[in-house]
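A.B. asks: Generate coordinates for the sequence data below:
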Amino acid sequence: ASVESKAFLNGIRNIKTIWSNLEIYKATRIPDKTVDLALLINVLFQSEKKLDLLKECLRTIKKGGRFVIIDWKAIGAPLGPPPKMRMPEEEIRKLASTLNLEEEEQMARQIAVRRFSKLKGLPEETQKRRLSGYLSRRGFSSGVSIKIINELEEL
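C.D. replies: Sure thing, here's the model as predicted:
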């Protein structure tokens with residue numbers, strides 16, 4: 001029986017499985033930021049486009065949602081793919097953190113550009129201070145805020 005069928009039999013009605021090529025951006029046809037929990041189980045080792053695969057998964061996760069990666073440990077074992085195909089946990093973490101930063105920067109940039117247009121006419125230091133506070137109140141890290149504000153200065 002499918003995951004959806006088992007869930008339905010147990011009274012869970014909000015689970016949907018989707019088969020798609022995760023290496024192609026938006027191929028899942030899942031709207032942006034609508035998924036509460038995404039599970040990526042024993043898939044990374046098969047992919048030549050790991051970064052693209054993770055980008056597609058992260059695109060669908062709503063704020064406060066969770067993304068769980070379960071993959072083969074990078075050790076020899078009687079089951080599973082050969083060890084050379086397996087990705088060490090530290091590499092997965094590094095790859096995922098890169099994506100989170102890219103996504104955070106992209107979101108901060110969009111918000112900052114909209115807000116910056118409303119601050120025109122104010123002294124430059126006031127613009128920076130207000131924009132920094134605005135981004136901070138929306139949960140962006142100070143490093144990302146500084147980077148985005150510096151980019152806007154160059155425009």
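A.B. asks: Give me the below-cutoff pLDDT ranges for the protein.
C.D. replies: Counting by pLDDT under 70, the chain shows low-confidence ranges at 1, 100-101, 155.
A.B. asks: Taking the centroid of it, which residue is nearest it?
C.D. replies: Residue closest to the average C-alpha location in the chain (Cα atoms, centre = their mean): L58, at 3.0 Å.
A.B. asks: Pretty sure that one sits against S97.
C.D. replies: No: here L58 lies out of contact with S97, judged by Cβ atoms under 8 Å, at a distance of 11.3 Å. (Each C-beta comes from the backbone N, C-alpha and C, glycine too.)
A.B. asks: on that earlier part again, other residues contacting the helix or strand encompassing the residue nearest to the centre of the chain?
C.D. replies: Element membership for L58, per DSSP states H and E: helix 50-60. With contact meaning Cβ atoms under 8 Å, 6 or more residues apart in numbering, helix 50-60 is reached by 22-28, 30-35, 38, 40, 43-44, 47, 67, 87, 95-96, 98-100, 103.
A.B. asks: change it to 10 Å
C.D. replies: For helix 50-60, contacts defined as Cβ atoms under 10 Å, 6 or more residues apart in numbering pick out 18, 20-28, 30-36, 38-40, 43-44, 46-47, 49, 65, 67-69, 87, 91-92, 95-96, 98-100, 102-103.
A.B. asks: So how do I select the buried members of the residues you listed in PyMOL?
C.D. replies: Those of the contacts of helix 50-60 that count as buried under 16 or more other Cβ atoms under 10 Å are selected in PyMOL with:
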select buried, resi 22+23+28+30+35+38+40+43+44+67+69+87+92+95+96+99
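A.B. asks: and L40, that one's in a strand?
C.D. replies: Yes: counting by DSSP: H, G, I helix; E, B strand; the rest coil, L40 falls inside a strand.
A.B. asks: I'd say it and M87 touch.
C.D. replies: No: judged on Cβ atoms under 10 Å, L40 makes no contact with M87 at a distance of 11.7 Å.
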